[in-house]
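Trainee: missing the sequence, but the structure's below:
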């Protein structure tokens, strides 16, 4: 539907801005009627576009040269007798703006309007084109001149000129565009009502004719025809769409070729044939698509059945898991054997330590026995020497025989002194022996204390050197943090970068892991380091080829067997989904929750190798024990770590050896300061230990010197004692009677000699026993040291075994998880194949059904090359277009009823002006319109239809009906031809009053009234312009204008 036809059927909400609404119509009921003499018009602005400025006729109808007739912008009256050219102006206006000859009701062809004897006729119409809504203002200016030349053969030509007279276009399409823009509707009787049209509809007594007039005036008739056609086409289209809703996605080219005819809705039969053709093609298009999908599905099934990737991966994973379990069993057996050996060695260590103490004690006791036996032998030898001297003296005394009493008394006195001296020497020897024993024990204690101090000093020295090395690393890490992980790590990282740039790596390795992670809570650094252990210095590789390259690089910087660990796992850009296996506790996080990394490779590696998603961090020891050991552990939780680094299992607890984080501490300066403080403390401890060792060593030296001096003093005292004993023995021998038998002395001497031999044998035996005890002591000490060395060696061997066992356990868990995943994938793969086969079976059945349906629609198979997607989009676009059309213009019945109600309202208001009442009854079902009017003075009579009214009353009612239509429709100008020919003066005055009142209300529109009657009683106003036409002079029909 064109813009000219559609614009008049708009709702009140879509009327153009320039239209003056009839909101004042309701107030018209309360407004008293005023006569023409008292009605004063006030100046008002005029419309901007579409108004008729002038019209000029040449050789048109019976006029040689007529015009130009200059029209005013508001109300225009064209007055003249019959034949003066009033109707020629109206006819020229219709023809000049492109109307057909049949619209004028004055001829059947355009050649009928060419003056007799002339070959052409010219009609020039000048239209206003101003304001914001002007049509191509920069091209036409303020006016558009439409010149039309009609030939005697019925043809015509157009010229559209600008304000300056320049030709702009000579095409009819441009004229139609101008009329559409100005909303000029030549075939609408509301815009231009000729005499014939008025007689045909308004003065007809047939109610059906009035209804047709109403429909034609409001363009509802045209809209109804178009709407029915569109509805019918929409119904057909919807049926096709519903039938082929999933199939209409192809044939876009064919659809676009017929788009113009389809949108114009002018050739329904062609559209129906096209839709039938599309229907057939769509049916076989479904078959073709189904066949293609079946073939594709078969190929996919064959491909999936040939794909053994999942089975191969499953077998490979099972073999890897078996190998890992075997290795793990070997390591566990080795670790268990080492633990048993360590346990036995610890028992042996205790036994050997106890035996060493016993043997050392026995050695020291035997040493005392030896020295005692040796001293006793020496004493017996001295006694033997004295006895031999006594024998010799006795023999000499016997020869001399010159002893006296005086000498005997002197000897008795000397003997008493010597006995007292002997007793004093014995007491001194006994005291010296006690002193020697005490000093020997003190010396042993001193040596033990010195050894103990030396061991402790060695431990402190080791800690000092370790912390000094750590301090140097931290100082170096001020400029490069990687040095915290080893002095050679920066060089290794640079070598890795160079190798990757040279293309040696498929993917660049990542590490050390500790350098790639950070903590959300720095206070948990010790716990995280104790959890990750050797993984802090580990590197990650994507594949085994990269691992070999990295091993070669590491061999430059690390000795064999001391390089960092390498973890091989495919790199991925996404973190693992651990939602189902993550440890859950409302108060305590996992290690996974506490670490962050710039790359998911590191986190995924720690999940695989350490299972950090299953390890909780519980700061307090007591809470950790309560949660993990006094009840069921949290779901998915294998172990936990405290803030001090203690490791807590459900059935065991390991205390951490670390007190400070080595790699993850955030504040290097603080750690350096702490290390410096600890180094100072260790230096003070070393100094203190050195002083204590020196002091104890000096004490040992002093005690050894004092012991030696005491032993020397004891030996001297024993020698003095032996001398005193010998002197006493000599004096006693001298005091004996000379008759003492020398032979008895000799017997005693012989007994002493035997005693000496016995004591010598005892000394030898004690010496042998002492050597045996010394050897046993040395052997015990050697065994004790050997066991200690073995225990230390076992500890060194067990540490890498623990790490290896932990690594293998993590690998086994990973492979078990992968095995379950691969089994699930294999089952899914097999299920997918079965599902695809079932889908294939269903598709084959659908294909048979589609073949049957397609054969019923079109027995001959259609060759379809396009897809169904394009035509589906076009059908969707058509649906949207129909919805937009309905939204813009409303439903047909709703629009008709709305306009009819408004028409009734305005009709009643206009009747009130004449003190009449009436009704306008629409029967939309039977398409009739009946008008009943009750004139004034006939209160007792009921309302009468138009047939019972007089000619003037009928004309007045017709004018009211016409004015009602004017109120509900749009047009820039209104033309009314001889509206008052059948009215008396009273009704004519009322009608003129109504017309002028309406024109004042709708001051933006132009009104042209044609009448043969006198207009002298019209009010004086600048808004009214009266054109008086001369009486018929066919040769000169020029008008004279009078402005009032």
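Mentor: All right, it came through fine. Everything numeric here is computed off the predicted structure, so don't read it as measured data.

Trainee: going forward, measure contacts between C-alpha atoms and count neighbours the same way
Mentor: OK.

Trainee: what kind of secondary structure is residue 83 in?
Mentor: Secondary structure of residue 83, reduced to three states by DSSP: H, G, I helix; E, B strand; the rest coil: coil.

Trainee: Show me which strand runs longest in the protein.
Mentor: strand 49-60 (DSSP state E).

Trainee: Which residue ranges of the stretch 651-800 of the chain form strands?
Mentor: All strands of the stretch 651-800 of the chain, identified by DSSP state E, counting those that start in this stretch, fall at 653-654.

Trainee: Flag the shaky bits of it, pLDDT-wise.
Mentor: When the per-residue scores of the stretch 651-800 of the chain are filtered using pLDDT under 70, the ranges that remain are 665-671, 732-743, 745.

Trainee: So which residues of it form helices?
Mentor: Secondary structure of the stretch 651-800 of the chain, counting by DSSP state H, counting those that start in this stretch: helices at 668-735, 742-857.

Trainee: Could you do the stretch 151-300 of the chain as well?
Mentor: Using DSSP H, counting those that start in this stretch, the helices of the stretch 151-300 of the chain run over 172-182, 195-197, 207-217, 220-243, 252-257, 259-264, 268-306.

Trainee: and these, which one's lowest on average pLDDT?
Mentor: Within the helices of the stretch 151-300 of the chain, the least confident segment by mean pLDDT turns out to be helix 259-264, at a mean of 48.

Trainee: which residue ranges form the strands in the stretch 851-1000 of the chain?
Mentor: 917-923, 928-934, 944-945, 973-977.

Trainee: which helices and strands does the last one pack with?
Mentor: Counting contacts by 3 or more Cα pairs under 8 Å, 6 or more residues apart in numbering; DSSP states H and E, strand 973-977 is packed against strand 49-60, helix 86-96, strand 192-193, strand 1006-1011.

Trainee: With mean pLDDT, mean neighbour count and distance to residue 538 as added columns, please give those in CSV.
Mentor: As requested, the helices and strands packed on strand 973-977 are arranged in CSV below (pLDDT from 0 to 100; neighbours: other Cα atoms under 10 Å; distance: least, Cα to Cα, whole Å):
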stretch, mean pLDDT, mean neighbour count, distance to residue 538
strand 49-60, 88, 23, 86
helix 86-96, 84, 22, 96
strand 192-193, 78, 24, 97
strand 1006-1011, 84, 24, 95
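
Trainee: And those: which comes nearest residue 612?
Mentor: Within the helices and strands packed on strand 973-977, the stretch nearest residue 612 is strand 49-60; the backing value is 81.4 Å (Cα to Cα).

Trainee: what comes into contact with that closest one?
Mentor: Residues from elsewhere that reach strand 49-60 (Cα atoms under 8 Å, 6 or more residues apart in numbering): 63-73, 88-89, 92-93, 113-115, 118, 120-131, 133-134, 182-184, 972-973, 1005-1006.

Trainee: now swap in stretch 557-573 and tell me
Mentor: In this structure, residues lying in contact with stretch 557-573 by Cα under 8 Å, 6+ apart are 488, 492, 534-535, 537-544, 547, 554-555, 599-601, 605.

Trainee: In PyMOL, select just the buried ones from these.
Mentor: Buried members of the contacts of stretch 557-573, defined by 16 or more other Cα atoms under 10 Å, are picked up in PyMOL with:
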select buried, resi 492+534+535+537+538+539+540+541+542+543+547+554+599+601+605
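
Trainee: Please narrow the contacts of stretch 557-573 to those residing in helices.
Mentor: Taking DSSP state H, the ones among the contacts of stretch 557-573 that sit in helices are 492, 544, 547, 554, 555, 600, 601, 605.

Trainee: still on that earlier bit, of the contacts of strand 49-60, which qualify as buried by neighbour count?
Mentor: Neighbour counting over those (16+ other Cα under 10 Å) leaves 63-73, 88-89, 92-93, 113-115, 120-130, 134, 182-184, 972-973, 1005-1006 as the buried ones.

Trainee: Near the closest residue to residue 917 other than its chain neighbours, how many other residues are there?
Mentor: If the residues on either side of it in the chain are set aside, residue 917 comes closest to residue 934, at 5.3 Å by Cα to Cα, 6 or more residues apart in numbering. By the criterion of other Cα atoms under 10 Å, residue 934 has 22 neighbours.

Trainee: Let's verify residue 573: helix, strand, or coil?
Mentor: Quick answer, by three-state DSSP: residue 573 is coil.

Trainee: For the spatially most central residue of the chain, give me its contacts.
Mentor: For the chain, the residue nearest the mean C-alpha position is residue 574 (11.9 Å; Cα atoms, centre = their mean). Residues touching residue 574, when contacts are defined by Cα under 8 Å, 6+ apart, comprise residue 600.

Trainee: phi, psi of it?
Mentor: Dihedral angles of residue 574 (phi, psi; degrees, to the nearest 10) stand at phi -120, psi 140.

Trainee: Against residue 512, how distant is it?
Mentor: Residue 574 sits 20 Å away from residue 512, going by Cα to Cα, to the nearest Å.

Trainee: Now residue 150. Its backbone dihedrals?
Mentor: The phi/psi pair for residue 150 (degrees, to the nearest 10) reads phi -110, psi 130.

Trainee: what's the nearest residue to it if we skip its chain neighbours?
Mentor: Nearest residue to residue 150, sequence neighbours excluded (Cα to Cα, 6+ apart): residue 156, at 4.4 Å.

Trainee: repeat for residue 92
Mentor: With Cα to Cα, 6+ apart as the criterion, residue 92 has its nearest non-adjacent residue at 6.4 Å, and that residue is residue 123.

Trainee: cool, residue 506 as well?
Mentor: With Cα to Cα, 6+ apart as the criterion, residue 506 has its nearest non-adjacent residue at 6.7 Å, and that residue is residue 546.

Trainee: Give me the pLDDT for the one you found.
Mentor: Reading off the confidence values, residue 546 has pLDDT 90.

Trainee: That one touches residue 510, doesn't it?
Mentor: No. With contacts defined as Cα atoms under 8 Å, residue 546 does not count as touching residue 510, sitting 11.1 Å away.
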